[in-house]
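[1] Give me a model of this one.
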Amino acid sequence: MQRKDLKRLTIKDVARTAGVSIATVSRILNGQGGVSEELIDKVQLTVQELNYQPNAVARALKVQESRSIGLIIPDIGNPFFPALVRGVEDAAQVHGYALILCNTDGDPDKEINYIKFLRSKQVDGILLVGNIGFEQSGHWLSDAAVPIVLVDRRIAGAPLSTVIVDNQAGAVLAVEHLIRQGRRQIAIVSGRPASPTNTERVNGYIQALAANRLFCRTDLVVNGDFTFEGGYRAAEILLNRGCRFDAIFAANDLMAIGVIECLAQNGRRVPDDVAVAGFDNIRLAAWYKPALTTINQPVYEMGQLAVAALLEHMADSGAQARDIMLKPELIIRQSSGGKEQS
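    Numbers count the residues shown, from 1 in each chain. Coordinates of the predicted model:
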């Protein structure tokens with residue numbers, strides 16, 4: 001019964017129910033322009049009500065693959081992501097796949113729309129650096145009709161393979177290094193509160209403090225947004241609070257550099273007055289002055305492993321979801337006052 005219903009349900013049904021032309025439905029489903037917002041909303045509502053899966057039948061009947069995969073990332077302007085993209089692209093090319101890159105700007109709606117867009121383009125698989133929780137994206141992840149692998153961050157509750165660094169262990173490495181430098185009043189500049197990656201790094205900060213019998217002070221916790229500007233503003237907040245601190249752990253390198261800039265402009269010397277450590281080991285970290293102590297992520301390898309995991313799910317729809325956890329590495333440089341690694 002369901003198979004007959006699926007076969008009868010076509011783009012013509014959507015057009016007839018919505019009261020628009022087939023061409024209009026096609027333009028909307030393929031993300032093309034020239035259609036009013038009112039019609040877009042009307043057609044998308046009809047698609048949801050009918051539970052129409054664009055290209056579902058064509059996908060089931062097609063003989064050849066599209067030989068393409070999609071990669072959805074939140075911010076191509078973040079220096080962390082180009083290395084990930086390169087790892088994905090190189091691995092995909094080796095296996096004969098083209099890459100379609102989508103940038104969401106951290107917008108949950110764009111993330112879901114790109115999942116739908118890539119599905120309509122009949123990509124053979126999707127790699128997703130997600131920004132939203134399973135309660136928001138679960139429907140689109142579960143019913144995407146295409147293999148999806150998560151990269152760099154988990155989505156709680158999503159039954160999908162994930163390729164990720166151990167964020168909590170990395171934060172522990174950074175904070176314990178600051179403690180070994182004699183720092184006891186260690187602040188944290190976290191990323192977006194809703195980010196699973198941020199939660200794991202904050203948990204690592206708390207774990208390291210507790211293991212060394214140091215109290216986690218709420219006045220030393222400031223939220224940022226994983227950007228340079230966010231790090232600068234967070235450091236300003238710490239300074240304006242008038243609280244004493246002798247070290248700052250920033251949840252990524254961009255914020256750490258913003259922190260150092262703010263401290264310098266307010267007469268605080270790094271690392272003499274305040275030691276600073278970041279996370280990611282972006283290329284700029286080694287060249288910035290003072291060079292940034294940070295946690296290295298094997299980003300290029302992460303991209304390659306993500307493609308390997310995706311190919312596994314593309315070849316076997318019954319493959320079990322699994323976590324591929326990579327080890328973080330502490331890179332000691334000038335900003336923390338430790339002995340710099342060669």
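
[2] Quick check, central residue of this protein?
    Geometric centre of the chain, nearest residue: residue 129, 3.7 Å, by C-alpha atoms, centre = their mean.

[3] how close does that residue get to residue 72?
    Taking C-beta to C-beta, to the nearest Å as the measure, residue 129 and residue 72 are separated by 6 Å. The C-beta positions use only the backbone N, C-alpha and C, and glycine is treated the same way.

[4] Then residue 163?
    Using C-beta to C-beta, residue 163 is found at 14 Å from residue 72.

[5] So which residues of this protein form strands?
    Counting by DSSP state E, the chain has these strands, from start to end: 68-73, 98-103, 125-128, 148-151, 162-165, 186-190, 221-223, 247-250, 275-277, 294-296, 323-326, 329-331.

[6] Could you list the residues in contact with stretch 311-325?
    95, 124-125, 147, 149, 159-166, 305, 309 (C-beta atoms under 8 Å, 6 or more residues apart in numbering).

[7] Out of these, which is nearest to residue 67?
    residue 124 (6.9 Å; C-beta to C-beta).

[8] pretty sure the closest one is touching residue 68, no?
    Yes: using C-beta atoms under 8 Å, residue 124 is in contact with residue 68, at 6.4 Å.

[9] Need the overlap of contacts for these two.
    Counting by C-beta under 8 Å, 6+ apart, the contacts common to residue 124 and residue 68 are residue 97.

[10] one step back: could you say which one of the strands of the chain comes nearest to residue 240?
    Evaluated over the strands of the chain, closeness to residue 240 peaks at strand 221-223, with 10.4 Å, by C-beta to C-beta.

[11] which strands and helices sit next to that closest one?
    Judged by 3 or more C-beta pairs under 8 Å, 6 or more residues apart in numbering; DSSP states H and E, strand 221-223 is in contact with strand 186-190, helix 228-241.

[12] Could you save these as TSV and add columns showing mean pLDDT, mean neighbour count and distance to residue 53?
    Converted to TSV, the helices and strands packed on strand 221-223 look like this (pLDDT from 0 to 100; neighbours: other C-beta atoms under 10 Å; distance: least, C-beta to C-beta, whole Å):
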stretch	mean pLDDT	mean neighbour count	distance to residue 53
strand 186-190	99	27	39
helix 228-241	98	20	39
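
[13] Next, format these as a markdown table and append distance to residue 331.
    Output for those, formatted as a markdown table (distance: least, C-beta to C-beta, whole Å):
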| stretch | distance to residue 331 |
| --- | --- |
| strand 186-190 | 18 |
| helix 228-241 | 18 |
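
[14] Compare those and give me the one nearest residue 88.
    With C-beta to C-beta as the criterion, residue 88 lies closest to helix 228-241 of these, at 24.8 Å.

[15] Can you give the contact residues for the closest one?
    Counting by C-beta under 8 Å, 6+ apart, 187, 189, 191, 219-220, 222-224, 245, 248, 250, 254-259, 261-263, 266, 268 sit against helix 228-241.

[16] can we see that at 7 Å?
    For helix 228-241, the surrounding residues in contact (C-beta atoms under 7 Å, 6 or more residues apart in numbering) are 187, 189, 219, 222, 224, 245, 250, 254-259, 261-263, 266.

[17] Determine the angle, from 0 to 180 degrees, between it and strand 186-190.
    Helix 228-241 runs at 140 degrees relative to strand 186-190, counting by axes from the mean of the first three to the mean of the last three C-alpha atoms, to 10 degrees.

[18] mind checking how far helix 228-241 is from the chain centre?
    23 Å (C-alpha atoms, centre = their mean, to the nearest Å).

[19] contacting residues around residue 279?
    By C-beta under 7 Å, 6+ apart, residue 279 lies in contact with 170-171, 174, 201, 251-253, 294-295.

[20] Those: which two are farthest apart?
    Most distant of these, by C-beta to C-beta, are 171 and 253, 13.3 Å apart.

[21] doesn't residue 79 make contact with residue 284?
    Yes: contact status for residue 284 versus residue 79: in contact at 6.1 Å, counting by C-beta atoms under 7 Å.

[22] tell me the contacts of residue 164?
    Residue 164 sits next to 152-154, 325 when contact means C-beta under 7 Å, 6+ apart.

[23] Now neighbour count too, for those, in a markdown table please.
    A markdown table is the format used below for the contacts of residue 164 (neighbours: other C-beta atoms under 10 Å):
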| residue | neighbour count |
| --- | --- |
| 152 | 25 |
| 153 | 20 |
| 154 | 19 |
| 325 | 13 |
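
[24] Same list, these, but as JSON lines with pLDDT and distance to residue 228 please.
    JSON lines is the format used below for the contacts of residue 164 (pLDDT from 0 to 100; distance: C-beta to C-beta, whole Å):
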{"residue": "152", "pLDDT": "92", "distance to residue 228": "19"}
{"residue": "153", "pLDDT": "84", "distance to residue 228": "20"}
{"residue": "154", "pLDDT": "83", "distance to residue 228": "25"}
{"residue": "325", "pLDDT": "96", "distance to residue 228": "29"}
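
[25] tell me which of these is nearest to residue 19?
    Lowest distance from residue 19 to those (C-beta to C-beta) belongs to residue 153, with 41.1 Å.

[26] Which pLDDT does the model give the residue lying closest to the closest one once chain neighbours are set aside?
    Residue nearest to residue 153 in three dimensions, not counting chain neighbours: residue 197, with 4.5 Å by C-beta to C-beta, 6 or more residues apart in numbering. What the model reports as pLDDT for residue 197 is 89.

[27] Isn't residue 197 up against residue 151?
    No: Residue 197 lies out of contact with residue 151 (C-beta under 7 Å); the separation is 11.1 Å.
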